[in-house]
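**Q** Everything below, folded, please.
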Amino acid sequence: MTMKKTVSTVLWTIASQIVGLVIFFVYITDPLRTHASLVSRLFVIGLPLLVLLLGVRGLLPGTGRSKDVAHA
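**A** From the prediction side, this is the model:
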């Protein structure tokens, strides 16, 4: 994995972690909440893992494989 791809994957993972935390905190402020542990697993843990997997596979912007990128 190249340095640019690694940095992009890490940034995508951090961003998805923040989004997952925001969704979770918005969810737990709902007075009628149920299944908070399931939501925390999905958004706080699952979302960053999904992004990490997609980043390693080169499917996110900035994480494309070097052989897919046209050289000038």
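
**Q** residue ranges with poor pLDDT in this protein?
**A** Under the criterion pLDDT under 70, the flagged ranges of the chain are 1-2, 33, 65-72.

**Q** In it, where's the longest helix?
**A** What stands out as the longest helix in the chain, according to DSSP state H, is helix 3-28.

**Q** got the CA coordinates for the following helix or strand past that one in CSV?
**A** Scanning forward in sequence from helix 3-28 by DSSP states H and E, the next helix or strand is helix 36-40. Output in CSV follows, covering the C-alpha atoms of helix 36-40 (Å, rounded to 0.1, in the frame of the first residue of the first chain):
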residue,chain,number,x,y,z
ALA,A,36,-28.7,1.4,21.7
SER,A,37,-26.0,-1.3,21.9
LEU,A,38,-26.9,-2.6,18.4
VAL,A,39,-26.8,1.0,17.0
SER,A,40,-23.4,1.6,18.7
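
**Q** All set, thanks.
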